[in-house]
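J.: sequence and predicted model, in that order:
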Amino acid sequence: MQKNLANSSRHYNRNLLLILLSIVTLLVFSIYIDNEYKKDTIEKELISLEKSIISEHKKRLRESVYNTVNYIDSLYRIFLKQDGKNSNLDQLSDEKYKLFENEVRTYLYNSVYDKVRYTWINKVINFDGGKDYALRLIHPNLKHTEGKLLSTNTKDIKGNYPYLEELEGVKSNGQIFYTYYFKEFDSNKITRKISFAQLYKKLDWIIATGIPTNVLDEKINKEKEILIKEFNKNQTITLSVKGLVLFILGLSFYLFRNQTNNYIFENLSKSNEILNNTNEKLSLATKTANIGIWKWNIEDNSLEWDDLMYKLYEIDSTCVKITYDLWLNTLHKEDRDIVENDLKISMMKKKKFISTFRVNTNSGIKFIQAFGETKYSSTGQPLYVIGINSDITKEKNQEKMILKQAKTLSEHVIYSRTDKNGIITDVSDLFCKISGYSKKELIGKPHNVVRHEDTPKELFKELWSYLKAGKVWQGEIKNKNKDGSYYWVLSTMSLEYDEHGTLIGYISIRTDITYKKDLELKQIQLMEQSKLASLGEMIGNIAHQWRQPLSVISTAATGIKLQHELGTLDSKLLEDELEMINDNAQHLSQTINTFRDFIKEDKKSAEVVLQDRIKDTFKILNASLNNNHIKIISKVDDTEPIKIKLILGELAQVIMNIINNSKDALLSNKIKNPTIIIDIIRKKNKVVLTIEDNAGGIKEDILPHVFEPYFTTKHKSQGTGLGLYMSFNIVKDSLKGNIYIENTEIGAKTFIELPIENND
């Protein structure tokens, strides 16, 4: 019997051992599977982390450049106003520009962050690129290079062309992200730099900033270390739990086999060792994250701090034993009641304690963010609160700086933000000022509250088609002020996304261009007045051209009638007289064709021979000049035709305006032997047409004003003051040339410079 019991015991123990081994095998296999899965997960998280950090810094680079561009544009407008100019088309005087550039340089010099993050500016000289395409204007880190010329042929350490890539990017899209490589200072280590550049068109400035990836690598590696430590900690906990299960199973097995308790204590010792290791890793994690741990025992009002808490509050733990009252006295006097109230409310409502407050330390005021959780007895009485403190002073200072910049932007930028349905959620102070509405009146309203009825619906269709396609839209919009008046803005609208890439609304940055649009309207009105004046002059020239032919026709017709009545009209005389009438009628028809061609050529651009155009123009003016006994002396050389591309009718209009001014001056001054001299001077890349009269010249105090609108020395019945003004605009804007007048020994000489292609 005893033998059977022994055999049964052996079988039992053997079966128990087999069961234990099976469970151990399953646990080991599950540990292996879990470990592989977590390794794969951590690798994916590390890749995602790296992409996220790079993406975040690229976003910061873009925001940094945007802020700099907005600051520069606002500063430029301030200097324009100081210079007495308001138009976007105006430029600063040389003196003001130097002050403006120095102001920008000082701003960028003071905006260097961590010695590796700064903003620099290159001024583009030639958008076609090549050698000396740009000037290094401002560079806070390489000040000795300021004033040097740059080339798109410059390569980085790996043979890339960063300047060329940057130039092509801003030409195509106005902005670009690009990378290049360089050797670190006093090192052969090659580092990649991520940069973002944007073109400030008003001054042809490329404004750029960047960050070396070795700086990002350090941050990425730190984050990776935290993830890996967290992974290792989780693995340790998992192994500890499963090890504990194995321990319990082994303990049960040995208990059933009547083993001693020594084994139990050995395993308990190992578990305690694992727990200590876990505590050490937790302590290391809090030190790495600069987090202090505290515990407040409510019953005896005592306070327990770890070493990092003493470090955060800059208190020597060897000299001072921290108490609740002592901690409370370290708080800023304005924050004490608030923090105590937050703590009491969290205990009463059984919620987590969350508070941000200021503390007084030896190095100055610090901002602390606190989190805590209250533990209760079985009867619901609070026993103690345990929590953490972290130093957020740096974040608070950055927040203050951002708020200050936001206030500056609000005062100098016409800005608005809407949700994805077009409802206004935020506007700048300048938006309120220009629209006449308060923020309270605008926020919550659709954006068409400022829409002017003159704005075509097609413009908004185009705007929404761009935004729905994910593109940035830019255009000119006429808006209505609260008082019913209008104002014009150049608006740039873009999409806003949250951190998950979901569309949440739209952002619009605007520039006031009312002055520019009013100026354009005035230009159109002046052009219409000039056209009417030119039409009157042409009609006068037609009358001069027709006077002689009509007189010949009238005389011939009267002669035929008289001779017919006297019976002396023969067929030969009749034929001669009719042929004379026909010739003069053809001349009248040709005159009409010449003036019709002049009018039709108003906006026709073509390549012509300059000498021929001058001759055609004088065909129109000949009769008027001959009738006033004005002699034309042409020094134009016809042997070598000068081909030039221009708008035909406009050049003729300029010549006619100048000739008519000379004619009026000659007649007004009653010049004997009145003369107008025409000449062409050919230079390397341009041709100069000169028209000189012998009317005695223009008074020196009047000469600088002759191209101004409505300026005239004639009686109101004789001139509008628009002829030379429109001639100046045509030559400058349409023909891309230059026009000016100088006094000579005999009179006034007008110079018309026109660009030509260099065929040498």
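T.: Great, that's in hand. Numbering: from 1, shown residues only.

J.: which parts of the stretch 301-450 of the chain are strands?
T.: 302-305, 353-361, 364-376, 382-391, 414-419, 424-427 (DSSP state E, counting those that start in this stretch).

J.: relative to Val170, which of those strands is closest?
T.: strand 414-419 (22.9 Å; CB to CB). Placement of C-beta: from N, CA and C, glycine included.

J.: against which helices or strands is that closest one packed?
T.: If contacts are counted by 3 or more CB pairs under 8 Å, 6 or more residues apart in numbering; DSSP states H and E, strand 414-419 sits against strand 424-427, helix 429-435, strand 503-512.

J.: what's in contact with the shortest one?
T.: What that stands for is strand 424-427. 415-419, 439, 442-447, 449, 505 (CB atoms under 8 Å, 6 or more residues apart in numbering).

J.: just checking: what are the partner strands of it?
T.: strand 414-419 (antiparallel) (DSSP bridges).

J.: again with the last one
T.: Listed by DSSP bridges, the sheet partners of strand 503-512 and their directions read strand 414-419 (antiparallel), strand 486-497 (antiparallel).

J.: compare those and give me the one nearest Pro162.
T.: strand 486-497 (26.1 Å).

J.: list the contacts of that closest one.
T.: For strand 486-497, using CB under 8 Å, 6+ apart, the contacting residues are 414, 417, 434-435, 452, 454, 463, 466-467, 470, 472-481, 503-514, 516-517.

J.: next one: stretch 126-135
T.: So stretch 126-135 is contacted by 122-125, 147-153, 163-164, 167-168, 171, 204, 206 (CB under 8 Å, 6+ apart).

J.: follow-up on the earlier one: restricted to buried residues, select the contacts of strand 424-427 in ChimeraX.
T.: Buried residues within the contacts of strand 424-427, by 16 or more other CB atoms under 10 Å, are selected in ChimeraX with:
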select :415,416,417,418,442,443,447,505
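
J.: I'd like the contacts of strand 424-427 as JSON lines, with pLDDT appended.
T.: Output for the contacts of strand 424-427, formatted as JSON lines (pLDDT from 0 to 100):
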{"residue": "Tyr415", "pLDDT": "78"}
{"residue": "Ser416", "pLDDT": "88"}
{"residue": "Arg417", "pLDDT": "89"}
{"residue": "Thr418", "pLDDT": "90"}
{"residue": "Asp419", "pLDDT": "89"}
{"residue": "Lys439", "pLDDT": "83"}
{"residue": "Leu442", "pLDDT": "84"}
{"residue": "Ile443", "pLDDT": "89"}
{"residue": "Gly444", "pLDDT": "87"}
{"residue": "Lys445", "pLDDT": "86"}
{"residue": "Pro446", "pLDDT": "87"}
{"residue": "His447", "pLDDT": "76"}
{"residue": "Val449", "pLDDT": "82"}
{"residue": "Gly505", "pLDDT": "87"}
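
J.: picking that back up, wait, which of the strands of the stretch 301-450 of the chain is closest to Glu50?
T.: strand 382-391 (24.6 Å).

J.: so what are the sheet partners of the closest one and their directions?
T.: strand 291-297 (antiparallel), strand 364-376 (antiparallel).

J.: give me the angle between the longest one and strand 353-361.
T.: Per axes from the mean of the first three to the mean of the last three CA atoms, to 10 degrees, the angle that strand 364-376 makes with strand 353-361 is 150 degrees.

J.: from the contact counts, what lies against the helix or strand hosting Glu225?
T.: Assigned by DSSP states H and E, Glu225 falls within helix 213-256. Helices and strands touching helix 213-256, as assessed by 3+ CB pairs under 8 Å, 6+ apart, comprise helix 2-82, strand 190-200, helix 262-288.

J.: helix or strand next in line after the first one, which one?
T.: Later in the chain than helix 2-82, the nearest helix or strand by DSSP H and E is helix 94-109.

J.: returning to that earlier point: kindly reformat the strands of the stretch 301-450 of the chain as CSV containing distance to Ser240.
T.: Output for those, formatted as CSV (distance: least, CB to CB, whole Å):
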stretch, distance to Ser240
strand 302-305, 26
strand 353-361, 30
strand 364-376, 24
strand 382-391, 22
strand 414-419, 50
strand 424-427, 50
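
J.: of all those, which lies closest to Ile698?
T.: strand 414-419 (45.0 Å).

J.: which other residues reach the closest one?
T.: Taking CB under 8 Å, 6+ apart as the rule, strand 414-419 contacts 409, 424-428, 430-431, 434, 442, 447, 489, 496, 504-512.

J.: returning to that earlier point: nearest to Lys732, of the strands of the stretch 301-450 of the chain?
T.: Comparing those by CB to CB, strand 414-419 comes nearest, at 30.7 Å.

J.: show me what the strand or helix carrying Asn122 is packed up against.
T.: Using DSSP H and E, Asn122 maps to strand 119-124. Counting contacts by 3+ CB pairs under 8 Å, 6+ apart, strand 119-124 packs against helix 2-82, helix 94-109, strand 134-138, strand 205-212.

J.: picking that back up, now render the strands paired with strand 503-512 as CSV, adding distance to Glu299.
T.: Shown next, in CSV, are the strands paired with strand 503-512 (distance: least, CB to CB, whole Å):
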stretch, distance to Glu299
strand 414-419, 51
strand 486-497, 51
